[in-house]
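Engineer: sequence-free structure coming up:
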């Protein structure tokens, strides 16, 4: 009986804690994100426009060629597990005498 009372008390406390007020945040919270999104938007009214963006034919062909090349010949990842023993140089003579 005691454990059932404890469980019900914990459930009641948890439900009351869920109704607690939200923290009082700065009035300008989120402005920096909205400013960055606005700065990175090329044309905010693009969705309402039916005009297509004009691109130079040679530039478009080169861009598509580079895109296809990137997927037809992907770069191999570098071997990150390499131990270069003896590849370095030392600054001293190594004999210990001066």
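Structural biologist: Done, it's in. Worth saying up front: this structure is predicted, and the values here are computed from it rather than measured.
Engineer: what sits against the residue sitting nearest the centre point of the chain?
Structural biologist: Closest to where the C-alpha atoms of the chain average out (CA atoms, centre = their mean) is residue 33, at 13.9 Å. Contact criterion CB atoms under 8 Å, 6 or more residues apart in numbering gives no residues in contact with residue 33. (Each C-beta comes from the backbone N, C-alpha and C, glycine too.)
Engineer: distance of it from residue 75?
Structural biologist: 33 Å (CB to CB, to the nearest Å).
Engineer: tell me how far the residue nearest to the centre of the chain lies from residue 40.
Structural biologist: 11 Å.
Engineer: what residues do those two have in common as contacts?
Structural biologist: By CB under 8 Å, 6+ apart, no residue touches both residue 33 and residue 40.
Engineer: on that earlier part again, and after the helix or strand hosting the residue nearest to the centre of the chain, which helix or strand comes next?
Structural biologist: Taking DSSP states H and E as the definition, residue 33 sits inside helix 31-39. Moving toward the C-terminus from helix 31-39, the next helix or strand (DSSP H and E) is helix 57-72.
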